[in-house]
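Novice: fold the following for me, if possible:
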Amino acid sequence: MTTLPARTTRKLGLVIDLDTCVGCHACVISCKGWNTENYGAPLSDTDAYGDSPEGTFLNRVHSFEVTRDDAPPMVVHFPKSCLHCDDAPCVTVCPTGASYKRVEDGIVLVNETDCIGCGLCAWACPYGAREMDGAEKVMKKCTLCVDRIYNENLAAEDREPVCVRTCPAGARHFGDLADPRSAVSQLVAARGGMDLMPEQGTRPVNKYLPPRARDALDIPDLVNLCEPAPQGATGFLGWLDRALERL
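Specialist: The predicted structure follows:
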């Protein structure tokens, strides 16, 4: 089995703002594109237009309707990928050492040449963040775009995960969560950033910013707004009323 490092120099991760995510799936599409068309490991699709389509995605967005007695209902869009946990069970359960956590930045990766596709890491991950590639029969996961963030051939502003770079709502943030002075750490402190399923004891590096309460809206009486035009109406309403009567 694989062992976890006692500590990591940095904790690179994502902070996702559930208050501003609009569920557009731009992060999903850009992640798929980068990891299929560019430098990442290919993410296959099998039988895409057949009876049993199957695709490999490293990032997914789930949408939920949330209702409370003291607030109007709201829809929360919940992006989810690997959370690069400090106590990552997907690493310690791996029988070949293919799954590992890097000391220098805390990123959890998979060495695909050592992966035997046993699926134990997928069973161990409480977040469902592992994906078995249907074509290559090896496990794949979010890499935090490790091929981008250290790539000096890219412009400085592009050296971040492609999902962060693409998000049109600015709901995704990237940085070192081990540094209390970093922008992501300050954002977590200011907005009460939280772990996903803390009861699992995995200590995820990625954090979520909770959605803020929505204001109550005064909804007008739509029935009264749609009352028929009075008898003998003139102008446009009179013409419309006469035209509708002839139908």
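Novice: model confidence score at the closest residue to residue 137 other than its chain neighbours, please.
Specialist: Spatially, and ignoring its direct neighbours in sequence, residue 137 is nearest to residue 117 (4.4 Å; Cβ to Cβ, 6 or more residues apart in numbering). Where you see a C-beta, it was placed from the backbone N, CA and C, and this is true even at glycine. pLDDT for residue 117: 95.
Novice: now do residue 220
Specialist: For residue 220, the model assigns a pLDDT of 61.
Novice: ok, back up a step: dump the residue contacts of the residue nearest to residue 137.
Specialist: Neighbour list for residue 117: 132, 137-139 [criterion: Cβ atoms under 8 Å, 6 or more residues apart in numbering].
Novice: helix, strand or coil for the nearest residue to residue 42 once chain neighbours are set aside?
Specialist: In space, and not counting its chain neighbours, residue 42 is closest to residue 36: 5.5 Å by Cβ to Cβ, 6+ apart. In terms of secondary structure, residue 36 is helix; the call rests on DSSP: H, G, I helix; E, B strand; the rest coil.
Novice: surely residue 36 touches residue 30?
Specialist: No. Using Cβ atoms under 8 Å, residue 36 is not in contact with residue 30, being 10.8 Å away.
Novice: let me know how buried the closest residue in space to residue 150 that isn't next to it in sequence is, in neighbour terms.
Specialist: Sequence neighbours aside, residue 159 is the residue nearest to residue 150 in space, at 7.3 Å (criterion: Cβ to Cβ, 6+ apart). Per other Cβ atoms under 10 Å, the neighbour tally for residue 159 reads 16.
Novice: same check on residue 148?
Specialist: For residue 148, the neighbour count with other Cβ under 10 Å is 20.
Novice: wait, is it part of a helix?
Specialist: Yes. Membership of residue 148 in a helix is supported by three-state DSSP.
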